[in-house]
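Participant: No sequence on hand, only this structure:
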């Protein structure tokens with residue numbers, strides 16, 4: 001047993017080293033040469049600006065760091081970090097969403113994945129009631145892909161639509177322009193509640209000097225067309241003139257210093273540290289992703305005082321035990337938990353228990369944490385006849401209609417309809433976190449390979465050209481590699497199917513932040529759709 005724990009620990013520590021390597025490339029695109037180029041312009045790397053912006057000795061919870069890798073666009077293989085830094089930090093004690101262009105990545109141009117990341121950050125801010133700070137330094141839409149980033153809902157204009165909507169309900173939209181903002185990107189400055197521009201660094205115009213010359217014949221410099229002095233002293237398109245980035249950062253802090261303290265709309269108990277070290281997770285979770293887990297032990301490693309108050313512990317032991325439910329506290333915040341246990345297959349009894357618990361937590365206005373490690377709902381004639389479809393649908397209805405904050409944490413298989421019942425991305429949880437153990441796909445690679453191989457065999461046989469054993473093995477392995485590769489957290493993280501790939505040691509702190517931020521707005525009254533009884 002001790003040897004198995006050590007093997008698990010070494011395996012996951014090595015897996016997280018791979019994550020560190022991917023994150024390093026995201027945080028340092030272009031290496032030191034790119035940093036030196038910024039310095040020659042009087043600029044700091046954007047994350048250094050964020051450190052100056054947030055309160056001293058507080059953390060910046062950066063989201064979606066591995067977005068953009070492997071996203072092959074015309075002329076581009078990777079878009080490190082999607083060319084955008086997003087995350088949540090405290091400014092004068094208030095949680096604030098920060099959205100910042102990283103001009104080291106294609107001059108801050110917006111690719112489809114950049115837009116998706118920007119809009120996801122705004123969606124979190126709107127849902128949780130966070131003010132937004134934009135650090136704008138972007139060349140605008142990536143022109144070779146204009147049809148994919150400009151005209152549709154969810155494209156470029158949606159950023160400004162969101163700014164207007166959030167501003168209308170009192171969520172401040174503050175822009176610090178530290179570089180060029182051209183065409184649609186200019187509206188990041190002009191749509192802000194208050195905008196700050198930096199002399200000789202910031203420019204904002206609907207058409208830059210080349211376009212102006214082509215359209216009107218006028219020859220003009222960027223500074224005279226749309227520099228900081230033009231927009232703070234003549235056009236009125238910006239509000240504050242600064243000489244340096246440091247001065248601009250301080251101006252943002254000064255503006256937000258007038259914001260009232262945020263209120264938490266849930267009773268928070270005194271925090272009690274977990275009695276189990278977070279390092280225990282490394283030994284607890286098997287290296288084999290399809291192997292069952294001890295969810296109770298996992299919850300003890302993240303809960304205050306390692307205490308888990310379980311709901312219906314002895315209900316339908318066996319089939320009902322594959323989903324466990326109950327309450328924990330995370331840094332004083334009470335949380336209702338639904339966690340896949342053992343092999344995680346969701347039987348009828350497990351689905352019924354989960355549905356009940358979702359409704360009870362909604363009535364008590366307690367947030368929900370879905371700890372996902374389930375390969376799906378039980379299949380077969382017996383399960384179908386007993387109503388697995390009906391009871392699974394009830395679970396999905398409850399998840400869809402629960403009005404309390406919901407967070408999904410994936411620590412294992414995340415397949416099929418279990419992704420739905422356990423509050424996957426389509427169910428719009430406030431936050432969705434994955435780990436290096438997560439595997440999100442319609443089914444496992446092995447299952448997908450089996451299904452596809454049977455189809456391929458029938459096709460080949462119908463053509464009187466049956467597959468050889470070698471061809472079957474090669475086809476099967478190809479499908480396993482494809483589907484398992486697309487389920488991997490790197491693949492999913494690159495496409496923004498989660499908000500961050502967490503290390504096991506980070507889980508407790510990130511969940512505490514996420515639940516706190518999720519309760520900056522009051523919770524509505526429960527209301528559920530039709531259930532079949």
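Facilitator: Good, I have the coordinates. Just so you know, these numbers come straight off a predicted model, no measurement behind them.
Participant: What residues sit buried inside the helix ranked longest in the chain?
Facilitator: As assigned by DSSP state H, the longest helix anywhere in the chain is helix 2-27. For helix 2-27, a neighbour-count test (16 or more other Cβ atoms under 10 Å) marks 8-9, 11-12, 15-16, 19, 22-23, 26 as buried. For every residue, glycine as well, the C-beta is placed using N, CA and C.
Participant: Widest-spaced pair of those residues?
Facilitator: 8 and 26 (26.9 Å; Cβ to Cβ).
Participant: ok, the nearest residue to residue 410 once chain neighbours are set aside - how many residues close by?
Facilitator: In this structure, residue 410 finds its nearest non-sequential neighbour in residue 438, 3.7 Å apart by Cβ to Cβ, 6 or more residues apart in numbering. Residue 438 has 25 neighbours, counted by other Cβ atoms under 10 Å.
Participant: Surely residue 438 and residue 412 touch.
Facilitator: Yes - judged on Cβ atoms under 8 Å, residue 438 makes contact with residue 412 at a distance of 6.9 Å.
Participant: Now for these two: what residues contact both?
Facilitator: residue 372 (Cβ atoms under 8 Å, 6 or more residues apart in numbering).
Participant: Can you list the low-confidence ranges for the chain?
Facilitator: 1, 532-533 (pLDDT under 70).
Participant: most distant residue from the middle of it?
Facilitator: Distance from the C-alpha centroid of the chain, by Cα atoms, centre = their mean, peaks at residue 464 (48.9 Å).
Participant: Quick one: neighbours of the spatially closest residue to residue 46 that is not a sequence neighbour, just the number.
Facilitator: With Cβ to Cβ, 6+ apart as the criterion, residue 46 has its nearest non-adjacent residue at 4.6 Å, and that residue is residue 100. Residues contacting residue 100 under the criterion other Cβ under 10 Å number 24.
Participant: which residues does residue 100 contact?
Facilitator: Counting by Cβ under 8 Å, 6+ apart, residue 100 touches 46, 49-50, 84-86, 134-135, 137.
Participant: okay, those in CSV with secondary structure and neighbour count next?
Facilitator: Listed next are the contacts of residue 100 as CSV, based on DSSP: H, G, I helix; E, B strand; the rest coil; neighbours: other Cβ atoms under 10 Å:
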residue, secondary structure, neighbour count
46, helix, 22
49, helix, 22
50, helix, 20
84, strand, 27
85, strand, 26
86, strand, 25
134, strand, 28
135, strand, 27
137, strand, 27
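Participant: from these, which single one is nearest residue 387?
Facilitator: Among those, residue 86 lies closest to residue 387 (Cβ to Cβ), at 42.6 Å.
Participant: on that earlier part again, could you list every helix and strand that the longest helix of the chain packs against?
Facilitator: Helix 2-27 is packed against helix 280-284, with contacts defined by 3 or more Cβ pairs under 8 Å, 6 or more residues apart in numbering; DSSP states H and E.
Participant: got a list of contacts for the helix it packs on?
Facilitator: Residues from elsewhere that reach helix 280-284, judged by Cβ under 8 Å, 6+ apart: 5-6, 8-9, 12-13, 293-294, 297-298, 301, 504-505, 507.
Participant: Make JSON lines from the buried residues of helix 2-27 and add distance to residue 217 to it.
Facilitator: What follows is those, written out as JSON lines (distance: Cβ to Cβ, whole Å):
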{"residue": "8", "distance to residue 217": "70"}
{"residue": "9", "distance to residue 217": "69"}
{"residue": "11", "distance to residue 217": "66"}
{"residue": "12", "distance to residue 217": "64"}
{"residue": "15", "distance to residue 217": "60"}
{"residue": "16", "distance to residue 217": "58"}
{"residue": "19", "distance to residue 217": "53"}
{"residue": "22", "distance to residue 217": "49"}
{"residue": "23", "distance to residue 217": "48"}
{"residue": "26", "distance to residue 217": "43"}
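Participant: In the stretch 1-150 of the chain, what residue spans correspond to strands?
Facilitator: In the stretch 1-150 of the chain, strands defined by DSSP state E, counting those that start in this stretch lie at 61-63, 84-91, 94-101, 131-138, listed in chain order.
Participant: need the helices for the stretch 101-250 of the chain, in chain order.
Facilitator: Assigned by DSSP state H, counting those that start in this stretch, the helices in the stretch 101-250 of the chain fall at 112-128, 146-149, 156-168, 187-190, 209-216, 222-226, 228-229, 245-256.
Participant: cool, and the stretch 301-450 of the chain?
Facilitator: 348-364, 381-386, 388-401, 418-421, 445-462.
Participant: deepest of the ones you listed, which one?
Facilitator: Ranked by mean neighbour count, these are led by helix 418-421 with a mean of 24 (mean count of other Cβ atoms under 10 Å).
Participant: Quick one: list the elements packing against it.
Facilitator: Using 3+ Cβ pairs under 8 Å, 6+ apart, the elements in contact with helix 418-421 are strand 368-374, helix 388-401.
Participant: For the helices of the stretch 101-250 of the chain, could you give me JSON lines that also reports mean neighbour count and distance to residue 265?
Facilitator: Formatted as JSON lines, these follow (neighbours: other Cβ atoms under 10 Å; distance: least, Cβ to Cβ, whole Å):
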{"stretch": "helix 112-128", "mean neighbour count": "21", "distance to residue 265": "11"}
{"stretch": "helix 146-149", "mean neighbour count": "15", "distance to residue 265": "37"}
{"stretch": "helix 156-168", "mean neighbour count": "16", "distance to residue 265": "19"}
{"stretch": "helix 187-190", "mean neighbour count": "23", "distance to residue 265": "31"}
{"stretch": "helix 209-216", "mean neighbour count": "12", "distance to residue 265": "48"}
{"stretch": "helix 222-226", "mean neighbour count": "18", "distance to residue 265": "42"}
{"stretch": "helix 228-229", "mean neighbour count": "20", "distance to residue 265": "40"}
{"stretch": "helix 245-256", "mean neighbour count": "19", "distance to residue 265": "21"}
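Participant: Mind putting the ones you listed into TSV with distance to residue 377?
Facilitator: Below are the helices of the stretch 101-250 of the chain laid out as TSV (distance: least, Cβ to Cβ, whole Å):
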stretch	distance to residue 377
helix 112-128	28
helix 146-149	36
helix 156-168	35
helix 187-190	45
helix 209-216	56
helix 222-226	57
helix 228-229	58
helix 245-256	47
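Participant: right, and those - which one's nearest residue 287?
Facilitator: Nearest to residue 287, of all the helices of the stretch 101-250 of the chain, is helix 112-128, at 30.5 Å by Cβ to Cβ.
Participant: now the angle between strand 84-91 and the closest one, please.
Facilitator: 20 degrees (axes from the mean of the first three to the mean of the last three Cα atoms, to 10 degrees).
Participant: Make CSV from the helices of the stretch 301-450 of the chain and add distance to residue 172 to it.
Facilitator: CSV is the format used below for the helices of the stretch 301-450 of the chain (distance: least, Cβ to Cβ, whole Å):
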stretch, distance to residue 172
helix 348-364, 31
helix 381-386, 52
helix 388-401, 31
helix 418-421, 35
helix 445-462, 46
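Participant: so which of those comes closest to residue 372?
Facilitator: Nearest to residue 372, of all the helices of the stretch 301-450 of the chain, is helix 418-421, at 7.2 Å by Cβ to Cβ.
Participant: what's the distance between the closest one and the middle of its chain?
Facilitator: For helix 418-421, the separation from the chain centroid amounts to 17 Å (computed by Cα atoms, centre = their mean, to the nearest Å).
Participant: Could you pull up the residues touching residue 82?
Facilitator: If you count contacts by Cβ under 8 Å, 6+ apart, then residue 82 has 64, 67-68, 105, 111, 113-114, 116-117, 496 around it.
Participant: now swap in residue 176 and tell me
Facilitator: Applying Cβ under 8 Å, 6+ apart to residue 176 gives the contacts 133-136, 195-196, 198, 248-249, 251-252.
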